[in-house]
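>>> Build me a model from this:
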Amino acid sequence: MEKFAFWMTLAGMGCWVACFWWMYVISKKQNNLLDRLGEQGKRIERLSKIEHDLIKEVHPKVGEIKEGMDEVIAAVKESTESNSTPSKPKKG
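Now for the predicted structure:
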């Protein structure tokens, strides 16, 4: 019975070693994943800031473009109205 207890104790210790080793491997993979996610978050934040700066830079110009388009539309309407002659109905 003494040998059986010894082998069971040894097997139990082996299981604990295997368990701790496996938990270490999992923890290392999780830390690696968290590091990559942190880097990805920083890249997304940097790109979002660049996008925000571009939108702030373009936003005032959108109003100017719209005003310019209104002027062009008005000029085209005026031009087509002055070039078109009213057609006279044919008597027939």
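
>>> can you give me the mean pLDDT across the host helix or strand of Arg43?
Arg43 belongs to helix 2-83 when assigned by DSSP states H and E. Helix 2-83 shows a mean pLDDT of 88 in the predicted model.

>>> Next, report how far it is displaced from the centre of its chain.
Centre-to-centre, helix 2-83 and its host chain are 6 Å apart (CA atoms, centre = their mean, to the nearest Å).

>>> So the most centrally placed residue in the chain versus Asp53, what's the distance?
By CA atoms, centre = their mean, the chain has its centre lying nearest to Ile44, at 6.5 Å. Using CB to CB, to the nearest Å, we find Ile44 at a distance of 15 Å from Asp53. Where you see a C-beta, it was placed from the backbone N, CA and C, and this is true even at glycine.

>>> likewise Asn83?
45 Å.

>>> What residues sit buried inside stretch 66-73?
By neighbour count on 16 or more other CB atoms under 10 Å, the buried set for stretch 66-73 is empty.

>>> Output it as CSV, nothing but the C-alphas.
C-alpha atoms of stretch 66-73 as CSV (Å, rounded to 0.1, in the frame of the first residue of the first chain):
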residue,chain,number,x,y,z
LYS,A,66,-22.2,74.5,-52.1
GLU,A,67,-22.3,78.3,-52.5
GLY,A,68,-20.3,78.1,-55.7
MET,A,69,-22.6,75.4,-57.0
ASP,A,70,-25.6,77.5,-56.2
GLU,A,71,-24.1,80.3,-58.3
VAL,A,72,-23.3,77.9,-61.2
ILE,A,73,-26.9,76.5,-61.1
